[in-house]
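In: Okay, predicted coordinates and the sequence, questions at the end:
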Amino acid sequence: KTTNTSRDGRPPSSPLFAFNMANPVAVLKRNGETIFAKVEKINAELLILTYGSLVAQLIKDYEDISAVNQQLDTMGYNIGVRLIDEFISRSGQGRCGNFKETAEVIAKVGFKMFLGVTANVANWSPDDKEFSLIFDENPLAEFVDLPPSCNALFYSNILCGVLRGALEMVQIRCDVKFIKDVVRGDEITEIRVIFREYLHEAAPPSDE
């Protein structure tokens with residue numbers, strides 16, 4: 001049965017429902033694997049080397065590691081705002097009903113489509129506005145060994161920017177940041193996603 005508004009009063013046609021998860025997690029995971037099997041693959045070693053060269057050049061250019069983290073996030077954001085259209089087109093996903101459903105689509109379909117891996121959604125906050133993406137593997141960070149001078153570097157911070165940019169394009173503003181990273185010696189890789197607000201689509205310009 002279709003209702004005229006969502007639980008918090010937003011119309012169901014709102015662009016923030018750009019994903020669809022009326023499906024259980026297992027189905028989403030299977031969908032992600034099916035889509036991944038169809039997309040053109042990038043050589044894994046080439047991806048690792050290209051991304052590594054990018055990070056190395058940023059470190060050389062900026063020297064300040066915090067500035068490198070920011071640049072990676074910004075670059076990822078610019079990728080995310082463009083990548084979302086390809087995601088929606090190739091995945092065939094429709095609308096999501098809430099933030100939890102969006103999280104599972106990101107973890108099981110989005111990451112599988114573009115990186116060939118999935119993440120586990122965990123550590124929800126009591127108000128369901130924060131969650132963690134836990135990765136068993138990260139293709140960008142394979143064979144990476146950071147020198148002591150780069151201990152503050154979030155090597156794959158570009159992923160946070162991608163998520164932030166893609167979500168904004170479907171009217172969801174979030175903060176996205178690394179909490180743990182195996183490259184920095186942690187046992188797991190964890191990205192934290194924090195919901196901030198639903199954005200309103202800009203009205204078209206008036207002819208008057």
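Out: Happy to help now that I have it.

In: Which is the succeeding secondary structure element to the helix with the most length in the chain?
Out: Looking across the chain with DSSP state H, the single longest helix is helix 65-91. Following helix 65-91 in sequence order, the next helix or strand is helix 99-105 (DSSP states H and E).

In: all helices in the protein, in order from the N-terminus.
Out: With DSSP H as the criterion, the chain has helices at 25-38, 44-62, 65-91, 99-105, 111-115, 158-169.

In: Pick the most buried one from those.
Out: helix 158-169 (a mean of 23; mean count of other CB atoms under 10 Å). To be clear about C-beta, it is placed using only N, CA and C from the backbone, and glycine gets the same treatment.

In: what packs against that helix?
Out: The contact analysis (3 or more CB pairs under 8 Å, 6 or more residues apart in numbering; DSSP states H and E) places helix 158-169 against helix 65-91, strand 172-180, strand 189-198.

In: residue nearest the centroid of this structure?
Out: Residue closest to the average C-alpha location in the chain (CA atoms, centre = their mean): Leu163, at 2.9 Å.

In: which one is that one nearest to, not counting chain neighbours?
Out: Val176 (4.7 Å; CB to CB, 6 or more residues apart in numbering).

In: For the one you found, give the beta-bridge partners.
Out: The bridge-partner assignment for Val176, based on DSSP bridges, gives Val193.

In: ok, now which ones touch it?
Out: In this structure, Val176 makes contact with Cys160, Gly161, Leu163, Arg164, Leu167, Ile191, Arg192, Val193, Ile194, judged by CB atoms under 8 Å, 6 or more residues apart in numbering.
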